[in-house]
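Q: Here is the input, now give the coordinates:
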Amino acid sequence: MHPGRAHSILRGMNSPRHAAGGFARSAGGATARGLIVVLAALAVGLFLLARAVDDPLTVTADASEDGGTTDTTTATTSGTTGDGTSATTAAPGTETTAESLPPETDPETGDTVAPPTSDAATSRPPSQQLVQVANASRVSGAAGQATLQLQTLGYAVGTPTNYTGDDVLERSRIHYKLGFLLEAQNLATTLGLDPSADVLDMPAELPIEKADEDPDLLLLLGTDLATPSE
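A: As a prediction, the model looks like this:
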């Protein structure tokens, strides 16, 4: 056989083998590139997931059960009554300082007079209140003793006198002149009386023996507070 023909036959036999080797290399390269892409995508996904865990969304408003926002304002309680008005009666041992007082009735005319409603409405000092004590206990010297005690508290006092009523009073009470309700309540608190139950309007005719001094407050001294003179 001619040497040239033999070489052609050998080259033809070797060509498929070379083609197969080239395809294998191409396929291997494609597989490697695909694996790299998958790994890169996986790395990006893990990175984004890590950021989502480290930086969660923050809820900026809490919702109430009815779908509205929750009101975080805290209500405070004050010392007022249920309708928002200030109480005018002090507890025993405390001083009444009401901003407004209930209406008063003029004993002479029967007219209703509204008391001051100013925020600055406060009790007058004891030195500006004339208090007269009438003995309604029949304990000898009790009115004089009570008058001395009020004087030591700074009150302006009238002449001690006697109650002209028929009955002995077991519980003391205070009558106040128009405009002196707050002062009467404070005096009642000082003496341990009930500022609401033991405080009354001043009658047109005073039930006492010496009724010419026009006191601001009249203390009818009962057996509960009566102390005999020494």
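Q: What count of nearby residues applies to the nearest residue to residue 215 once chain neighbours are set aside?
A: Nearest residue to residue 215, sequence neighbours excluded (Cβ to Cβ, 6 or more residues apart in numbering): residue 132, at 3.8 Å. Glycine gets a C-beta too; all of them are placed from N, C-alpha and C. A count of nearby residues for residue 132, using other Cβ atoms under 10 Å, gives 26.
Q: What strands flank the helix or strand that residue 132 is a member of, and is each parallel or antiparallel?
A: Remark: residue 132 resides in strand 130-135, with elements defined by DSSP states H and E. Paired with strand 130-135 in the same sheet, following DSSP bridges, are strand 156-157 (parallel), strand 161-162 (parallel), strand 217-221 (parallel).
Q: Residue 184: how many residues sit nearby?
A: 29.
Q: What pLDDT is listed against the closest residue to residue 205 other than its chain neighbours?
A: Spatial nearest neighbour of residue 205, excluding adjacent residues (Cβ to Cβ, 6+ apart): residue 211 at 7.4 Å. What the model reports for residue 211 is a pLDDT of 91.
Q: Residue numbering should commence at 493 henceforth.
A: Let's use 493 as the start, then, which means that last one is residue 703.
Q: Relative to residue 662, how far out is residue 703?
A: Relative to residue 662, residue 703 is positioned 23 Å away (Cβ to Cβ, to the nearest Å).
Q: Looking at these two, which is more packed in?
A: A side-by-side neighbour count of residue 703 and residue 662, using other Cβ under 10 Å, places residue 703 first with 15 against 10.
Q: how near is that one to residue 688?
A: Distance from residue 703 to residue 688, by Cβ to Cβ: 26 Å.
Q: What of residue 539?
A: 78 Å.
Q: Equivalent analysis for residue 625, please.
A: The gap separating residue 625 from residue 688 is 21 Å, by Cβ to Cβ.
Q: same thing with residue 623?
A: Residue 623 is 19 Å from residue 688, by Cβ to Cβ.
Q: So between those two, which is more surrounded?
A: Taking other Cβ under 10 Å, residue 623 and residue 688 do not tie; residue 623 has more neighbours (24 against 13).
Q: Please look at the more buried one and residue 648 and confirm they touch.
A: Yes: Residue 623 is within contact range of residue 648, at 7.0 Å (criterion: Cβ atoms under 8 Å).
Q: Need phi/psi at residue 528.
A: phi -60, psi -40 (degrees, to the nearest 10).
Q: What residues of stretch 667-686 count as buried?
A: Applying a neighbour-count criterion of 16 or more other Cβ atoms under 10 Å, one finds 667-670, 672-683, 685 buried in stretch 667-686.
Q: Take those and keep only those in strands.
A: Those of these mapping onto strands are 667, 668, per DSSP state E.
Q: thinking again about what came up before, now do the strand holding residue 624, average pLDDT.
A: Regarding strand 622-627, the rounded mean pLDDT is 98.
Q: what's the answer for stretch 651-658, then?
A: 96.
Q: and the end-to-end length of it?
A: Terminal residues of stretch 651-658 are spaced 21 Å apart (Cα to Cα, to the nearest Å).
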